[in-house]
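Student: Sequence unavailable; structure follows:
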């Protein structure tokens, strides 16, 4: 699965990316997870299966949802507390659920 | 509907609006384009002005070193308006699906058209910038670099937007020359850009001519006097700075990225102020401004992230009893050293947490006031205008930004003040959390007994 994370400069989401990668490895999954700043999201979005936005940039959501809809890519905000505590496992679960729901 | 829900709606809308204004987002990307260049210039400037370097290698060697390294900052920070022009032209055209590289070239050319050229005469000035005489060089046509740097920043911004807008407008009107399909794309593109470029540059030439009949004589002096100088005056005031910090903190309190929203509006001003200090520093003149981009990065964000939370994270990790608070503190500490503090903002959480709303908003406002006054009273030197990225850890950033250990000391004082403001509130939060944790533990124990 290809999971794209976005925040303002891709700095703080990269903390989450590492935790998610650890969680994925533990589950024996082979996910591609990466973070970008808001300037690069447009270019990166088509490569992803799902886009998760850092809660501090949730003002991007509307715009990104519209783009995601065109491409059939689900978009959501990472729940603030999971984000703050860098809960890689739960955020990975959220991404998985979003992709599965989209397939239905 | 709670009090917070009521406020959150409008704040979210405001954030969304500002973040989505293409003028600001293109400007943000364009400054990002200039950023690696100014960092290069800054590092060379820091090296050539390192404190006590003269004592170490001798005055002559230092002078030679400075001469050798000067082009690094002359070619980057002193002409920063050029990459900004290119960026605006490029990103604007790209957003309108026009050929961006032509948009960039046209934006830069348009800017150069309205920039005053000096023909024949080169003016000599002494070290204080006063006129000492006029030397006629052999038919030289020159452009003073201040127009391409700090002083021309706003002309570059507005001019490039107008140029890119016109270029895209004419292109989309299909006022272009069409080539047959057999013609190579690069050739066809240059013809496609011909008429839009011609018309756009005509407009700028016309503007430039019109302004020679005004009291200002040129577009640069007009924009500088009427728009840039007043905005810079406003932007460098203590009040504006405190208000800016207030909004950053308020937005973060609602979980929105405060800097990205507030900086969108204020970065052009802070950057212009930075460049003026840097010009003065390079020429060994008195630094003119307290508030600059590096001031905002180093003495606000540089103390652990928005809200100066490094000390908060340290107190959480080592001085609290609650397990949750300790965990949050320890998790947030490594990133906090590099001024990334989303873990503590969302993990504690600070967002929508009434117990700590007061220190969150008040401490940074107080801390920036201290930094401002310390410089205004001459206790700490002004920022030299070298660009210090906001991820540089505390103390090092304070030293680099002011070229003095006093900058680091100021940060230490700020951290102390922020810590004192926060401590009682953190203690209250700790008590709450301990009570909750004890309750949870008691319940668990009770359940265990029942089982």
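Tutor: Perfect, I can see it now. Bear in mind that the values here come from a model prediction, so they are computed numbers and not experimental data.

Student: Let's see the pLDDT reported for the residue of chain A found nearest chain B.
Tutor: The minimum distance from chain A to chain B, using CB to the nearest CB, falls at residue A:84 (2.8 Å). Bear in mind the C-beta positions are built from the backbone N, C-alpha and C, glycine included. You'll see residue A:84 listed with a pLDDT of 87.

Student: same thing with the one 5 residues further on?
Tutor: The per-residue pLDDT reported for residue A:89 equals 93.

Student: same deal with residue B:249?
Tutor: Listed pLDDT for residue B:249 reads 95.

Student: Tell me if residue B:141 really is in a strand.
Tutor: Yes - assessed with DSSP: H, G, I helix; E, B strand; the rest coil, residue B:141 lies in a strand.

Student: interface residues of chain B facing chain A?
Tutor: Proximity of chain B to chain A, by CB under 8 Å from any CB of the partner chain, involves residues B:12, B:15-16, B:19-20, B:25, B:28-29, B:32, B:252, B:255-257, B:259-261, B:328, B:331, B:335, B:340, B:342-349, B:351, B:391.

Student: Could you give the bridge partners of the residue nearest to the spatial centre of chain A?
Tutor: For chain A, residue A:52 is the residue whose C-alpha lies nearest the centre (CA atoms, centre = their mean; 2.7 Å). Beta bridges link residue A:52 to residue A:5, residue A:76, judged by DSSP bridges.

Student: Return the residues in contact with it.
Tutor: By CB atoms under 8 Å, 6 or more residues apart in numbering or on different chains, the contact list for residue A:52 reads A:3, A:4, A:5, A:6, A:75, A:76, A:77, A:78, A:91, A:94, A:95.

Student: same thing but 10 Å
Tutor: Under the criterion of CB atoms under 10 Å, 6 or more residues apart in numbering or on different chains, the contact partners of residue A:52 comprise A:3-7, A:13, A:16, A:20, A:33, A:35, A:74-78, A:83, A:91-92, A:94-95, A:98.

Student: same thing with residue B:396?
Tutor: Residue B:396 neighbours (CB under 10 Å, 6+ apart): B:298, B:302, B:388, B:407, B:408, B:411.

Student: From the residues you listed, pick the one nearest chain A.
Tutor: Checking the contacts of residue B:396 against chain A with CB to the nearest CB, the nearest one is residue B:302 at 14.4 Å.

Student: correct me, but that closest one touches residue B:293?
Tutor: No - counting by CB atoms under 10 Å, residue B:302 stays clear of residue B:293, with 11.8 Å between them.

Student: Flag the shaky bits of the stretch 351-451 of chain B, pLDDT-wise.
Tutor: Within the stretch 351-451 of chain B, the ranges that satisfy pLDDT under 70 run B:451.

Student: what about residue 51, neighbour count?
Tutor: I went with chain A, as the question did not name one. By other CB atoms under 10 Å in any protein chain shown, 27 other residues sit near residue A:51.

Student: wrong one, chain B
Tutor: Using other CB under 10 Å, residue B:51 has 11 other residues around it.

Student: That one belongs to a helix?
Tutor: No - counting by three-state DSSP, residue B:51 falls outside a helix, being coil.

Student: Please give me every residue in contact with it.
Tutor: By CB under 10 Å, 6+ apart, residue B:51 lies in contact with B:399, B:403, B:404, B:405.

Student: out of the residues you listed, which are buried?
Tutor: By neighbour count, with 16 or more other CB atoms under 10 Å in any protein chain shown, those hold B:399, B:403, B:404 as buried.

Student: three-state assignment of the nearest residue to the last one once chain neighbours are set aside?
Tutor: Read that as residue B:404. Once flanking residues are discounted, residue B:404 sits nearest to residue B:381: 5.0 Å by CB to CB, 6 or more residues apart in numbering or on different chains. Under three-state DSSP, residue B:381 falls in the coil class.

Student: give the contact list for residue B:381.
Tutor: By CB under 10 Å, 6+ apart, the contact list for residue B:381 reads B:287, B:374, B:375, B:401, B:402, B:403, B:404, B:406, B:407, B:410.

Student: Count the neighbours of residue B:23 for me.
Tutor: Using other CB under 10 Å, the number of residues around residue B:23 comes to 13.

Student: Quick one, grab the pLDDT at it.
Tutor: Confidence score, pLDDT, at residue B:23: 88.

Student: roughly how far out does the particular helix or strand that has it in it sit from the chain middle?
Tutor: Secondary structure from DSSP states H and E places residue B:23 in helix B:22-48. The chain centroid and the centroid of helix B:22-48 are separated by 8 Å under CA atoms, centre = their mean, to the nearest Å.
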